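In: missing the sequence, but the structure's below:
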């Protein structure tokens, strides 16, 4: 029996999560690597090490540990800035003795300046931390594949509260004031009290949700695997409108002014009226798209990353694809800083790269190309 062709990108996207394998000195990757930009420095989870790179040149500033040591640390997957002094990193490590070893998710706080360990001991959970967390008002919040959402004290890593969702949590939380919004594969978006973890409200979609909502113009926007993009009121989760696309919406939408931009896993890219959900234009890029698009600071370029390693630059006026930059391996994360966009790659010789937003021209790669 022939299956509809639109099924395959969806299956590939799910398979990427369940079976993703990357090579960096023989390290096996179970999820994507991420990066963040702060004060001219890129902080990157690079499997074997956590690295701080100069954003202009790509030169390494520091690495933790100083030399790769997978018997003690790593592999590392995500990074989150906790405050102006601390960085949170996640890993998936074997804990216990020879006969009782088991893999667990591990959280460690490092100093932004130098990469030294900052907590008395790491926080360990039974499941894997798939996505970065979020920090606000002294609390760090992160979801886990075991279905738990943890609220930790930033100062020392002690557990403040724990909330159990109905299924895995692969999404980065969004913190607004005293509320944290967390999506789950159980089809729900949870609004929790930041200090206590108490449930304030929940919204149920028709499918799983795997990334954080976007907050724009006093509205939350989030995509679902039911092919819908939802606009919700932050106060109570009331649905304002929904837009139905051609396939799953995985990544967080991008937005600016009165426009909203989203991409489904089939590579369809949509520009919508943020107030009404009305479609303005629709474009298409090649490959499966998991990451949400990124909007340039001037609002003129929309960058879309494909799972096949390609990066696309679209004109926000009409969705025309202005440039395409192919690449090896699988794209893990993307962030725009000024005139440049930075990406991480898995199963590729260059694991971090910088490109110009305007035209896609390469700026630098790490490790440097020989």
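Out: It's in. Remember, predicted model here, so these are calculated numbers, not experimental data. Residues are numbered from 1 along each chain as shown.
In: please make it C-alpha for all contacts and neighbour counts, starting now.
Out: Noted.
In: any regions of this protein where pLDDT drops low?
Out: Applying pLDDT under 70 to the chain flags the ranges 1-29, 96-100.
In: spatially central residue in it, please.
Out: By C-alpha atoms, centre = their mean, the chain has its centre lying nearest to residue 131, at 5.6 Å.
In: so what's it up against?
Out: Applying C-alpha atoms under 8 Å, 6 or more residues apart in numbering to residue 131 gives the contacts 78, 142, 143, 170, 171, 172.
In: for the fifth one, the count of nearby residues, please.
Out: Residue 171 has 28 neighbours, counted by other C-alpha atoms under 10 Å.
In: what does the one 4 residues further on give?
Out: Residue 175 has 23 neighbours, counted by other C-alpha under 10 Å.
In: partner strands of the strand or helix carrying it, parallel or antiparallel?
Out: Assigned by DSSP states H and E, residue 175 falls within strand 174-176. Next to strand 174-176 in the sheet, as set by DSSP bridges, lie strand 179-183 (antiparallel).
In: got the angle for the very next helix or strand once past the strand it pairs with vs strand 179-183?
Out: Toward the C-terminal end, the helix or strand that comes next after strand 179-183 (DSSP H and E) is strand 188-193. Compare the direction of strand 188-193 with that of strand 179-183 by axes from the mean of the first three to the mean of the last three C-alpha atoms, to 10 degrees and you get 160 degrees.
In: quick one, strands of the stretch 51-200 of the chain?
Out: Taking DSSP state E, counting those that start in this stretch as the test, the strands found in the stretch 51-200 of the chain are 60-64, 76-81, 86-95, 102-111, 123-125, 134-136, 139-143, 148-153, 159-164, 174-176, 179-183, 188-193, 199-204.
In: contacts for the fifth one next, please.
Out: Same thing as strand 123-125. 104, 105, 106, 107, 108, 157, 158.
In: which one of those residues sits closest to residue 254?
Out: Nearest to residue 254 out of the contacts of strand 123-125 is residue 107 (C-alpha to C-alpha; 28.2 Å).
In: contacting residues for the closest one?
Out: By C-alpha under 8 Å, 6+ apart, the residues touching residue 107 are 88, 89, 90, 91, 122, 123, 124.
In: identify the residue spatially nearest to the second one, adjacent ones excluded.
Out: The one in question is residue 89. Spatial nearest neighbour of residue 89, chain neighbours left out: residue 79 (4.6 Å); criterion: C-alpha to C-alpha, 6 or more residues apart in numbering.
In: swap in the third one?
Out: The spatially closest residue to residue 90, leaving aside those adjacent along the chain, is residue 107, at 4.8 Å (C-alpha to C-alpha, 6+ apart).
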